[in-house]
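Asker: The sequence and its predicted three-dimensional model are supplied below.
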Amino acid sequence: MTRQTTTLTDRYVWTVTQHLPAETATDVARELRATILDTVDDLVAGGEDPARAERKALTDLGDPAVLARRYGGRPGHLVGPGLYTDYVRLLRLLLAVVLPIVLVAHLVARVLATDDGWLAILGGTASLLFNVGVQLTFWVTVTFVVIERSRPEEERGRSLTTWDPDQLPEETPARSVGLGETVWSVAFSLALAALVAWQFAGVEAPAIQVLNPQVDVVWKVTLVALLALDAVLALGVWRAGRWTPSAAAVNVASNVAAAALIVWLLTSEQLLADLPQVLSERFGATVDWGVSTAVTAAVVVLIAAWDAVDSVLKARRSRWAGPS
Amino acid sequence: MDESLIGGHLQELRRGTVVLACLETLERPHYGYALMETLSGSGFPVDGNTLYPLLRRLEKQGLLTSEWNTDESRPRKFYRTSDDGHLLLDQLRAEWRSLDAAITSLDKGNDR
């Protein structure tokens, strides 16, 4: 019975007004109904069939949810242009501060307090970082959505903070690489590459054999080349005056490759010589080597990650460099 | 040239003039549908789903007053420009004239 008497117009008006505050809902419903009937009458007077006229009138008014939002003055977006800049700024800042702290704290805690293998530690760290990142993003977003919805309509589009020129970054990007930094970087990379090459070649007493000279020659050459590449990169960066995106990309790739290679060699027990044996021969005492493979691998990964992230950050900061 | 690009710019230019046209037309009381017909008849085609919520917002801002007319079989809500609405209308009209003058003088400057 009721189903037959409920018209499309009734359903439309009800859908629009159900989410409006009670004090306006009745008035809006009454006016909207009259408006729809006026429109239908006009269409019928123009020769349209009444049922089709009703459909057309409602179709022209469009989605009732959109109309309700316009009546209620609520925004049709989660975070609008006024808040967006503040939102992105806060989110970036929080992620940049929190994620590295979580990374280091978790790695240190797992390596020191548990006997887990490096694979389990890396997996756990990755999933923790992912979860923290998602949670952080979610709650910051929710906060901004609440702010956007609770602001009066006139203030929408206004940002929360007032910008002033003191907020400009202090570093000017044109030349952000110092001479000392470059010299140190080149010297350190070459020294490290030379040291590793010398160890891989096999050393005689009185030097101590730390790295395993039996490593496949392909990996020996690759590792030394990757270490030496850092020196070449440092020179390139000095020439350009700043970290370019491509230099940063090469640096990330070489760090990832070197770390992966070292960790693989470590865990397959190829990288190091049999240290306890070497040392007891040399010093005549039994040394208990408590340093686990996992700790060494974690340190290697940390150093590589830090170097890679550092270069990416420097490249980002000098993205808008003027003269280069 | 891209039709939708032109349409977008024209729409943006016209957006603020709907308020001006409403305040002007509502010197004499109108109900929603009649106002929409009058506006589109005078070259201001505006969608109902934009106009009807706009009338309520202008009323809430005190620029329009409204009154239910129940004399006829179908009760209708009539809107009319308030005193504040008149003040705003004068300012909007003055702004419109000065914009028109400014654009005309720019145009002349280009011709020279």
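Answerer: Cool, got the structure. Numbers count the residues shown, from 1 in each chain, chains lettered A, B, ... in the order given.

Asker: From the rest of the structure, what touches the helix or strand where A:Ala298 lies?
Answerer: Following DSSP states H and E, one finds A:Ala298 within helix A:293-317. Residues outside helix A:293-317 that contact it (CB atoms under 8 Å, 6 or more residues apart in numbering or on different chains) are A:100, A:103-104, A:107, A:111, A:116-118, A:121-122, A:169, A:171, A:173, A:176, A:242-245, A:247-248, A:251-252, A:255-256, A:258-259, A:262-263, A:266-267, A:269. The way it works is simple: take the backbone N, C-alpha and C, and place the C-beta from them, glycine included.

Asker: what separates that helix from the chain centre, distance-wise?
Answerer: Centre-to-centre, helix A:293-317 and its host chain are 16 Å apart (CA atoms, centre = their mean, to the nearest Å).

Asker: Pull up the per-residue confidence for A:Leu91.
Answerer: Here, the pLDDT recorded for A:Leu91 equals 93.

Asker: hey, where'd the helices end up in the chain?
Answerer: Picking chain A for this. Counting by DSSP state H, chain A has helices at residues A:2-5, A:8-17, A:22-45, A:50-61, A:64-72, A:81-113, A:118-150, A:179-200, A:217-240, A:245-267, A:275-283, A:293-317.

Asker: meant chain B actually
Answerer: Remark: helices assigned in chain B by DSSP H are B:3-15, B:17-25, B:32-41, B:48-60, B:83-111.

Asker: Determine the set of other helices and strands touching the last one.
Answerer: With contacts defined as 3 or more CB pairs under 8 Å, 6 or more residues apart in numbering or on different chains; DSSP states H and E, the secondary structure elements packing on helix B:83-111 are helix B:17-25.

Asker: contacting residues around B:His86?
Answerer: Going by CB under 8 Å, 6+ apart, B:His86 touches B:Leu23.

Asker: switch the cut-off to 10 Å
Answerer: With contact set as CB atoms under 10 Å, 6 or more residues apart in numbering or on different chains, B:His86 has these partners: B:Leu23, B:Glu27, B:Leu63.

Asker: any idea which of these is the one closest to A:Asp10?
Answerer: B:Leu63 (31.7 Å; CB to CB).

Asker: B:Gly85 is in contact with that closest one, correct?
Answerer: Yes: with contact defined as CB atoms under 10 Å, B:Leu63 counts as touching B:Gly85 (3.9 Å).

Asker: Next, the angle from the worst-scoring helix or strand of chain B on mean pLDDT to helix B:17-25.
Answerer: Taking mean pLDDT, DSSP states H and E as the measure, chain B has helix B:3-15 as its least confident helix or strand, at a mean of 88. Put simply, helix B:3-15 runs at 40 degrees to helix B:17-25, going by axes from the mean of the first three to the mean of the last three CA atoms, to 10 degrees.

Asker: Mind checking if helix B:3-15 is in reach of chain A?
Answerer: No: for helix B:3-15, no contact with chain A is found by CB under 10 Å from any CB of the partner chain; the gap never falls below 14.2 Å.

Asker: Can you give the contact residues for that helix?
Answerer: Contact with helix B:3-15 is made by B:Asp2, B:Ala21, B:Phe44, B:Pro45, B:Val46, B:Thr50, as judged by CB under 10 Å, 6+ apart.

Asker: A:Pro165: neighbour count?
Answerer: Neighbour count for A:Pro165, taken as other CB atoms under 10 Å in any protein chain shown: 5.

Asker: Might you enumerate the residues of the stretch 101-250 of chain A proximal to chain B?
Answerer: Selection of the stretch 101-250 of chain A residues close to chain B by CB under 10 Å from any CB yields A:Glu153, A:Glu154.

Asker: What count of nearby residues applies to B:Ser40?
Answerer: Look at B:Ser40: counted by other CB under 10 Å, it has 13 neighbours.

Asker: Could you verify my assumption that A:Gly72 touches A:His19?
Answerer: Yes: assessed by CB under 10 Å, A:Gly72 is found in contact with A:His19 at 6.8 Å.

Asker: what sits in contact with each of those two?
Answerer: A:Ala25.

Asker: and the closest residue to B:Gln61 other than its chain neighbours, what does it touch?
Answerer: Excluding the flanking residues, the one nearest B:Gln61 by CB to CB, 6 or more residues apart in numbering or on different chains is B:Asp84, at 8.0 Å. Counting by CB under 10 Å, 6+ apart, B:Asp84 touches B:Leu58, B:Gln61, B:Gly62, B:Leu63, B:Leu64, B:Thr65.

Asker: Which pLDDT value belongs to B:Asp84?
Answerer: With respect to pLDDT, B:Asp84 scores 94.

Asker: before we move on, the earlier item: of A:Gly72 and A:His19, which one has the most company?
Answerer: Ranked by neighbour count (other CB under 10 Å), A:Gly72 and A:His19 place A:Gly72 first, with 18 against 14.

Asker: Identify the residues contacting the residue lying closest to the more buried one once chain neighbours are set aside.
Answerer: Setting aside the residues directly before and after it, A:Gly72 is nearest to A:Leu20 in space (CB to CB, 6+ apart), at 5.6 Å. By CB under 10 Å, 6+ apart, the residues touching A:Leu20 are A:Thr26, A:Asp27, A:Val28, A:Ala29, A:Ala68, A:Arg69, A:Tyr71, A:Gly72, A:Arg74.
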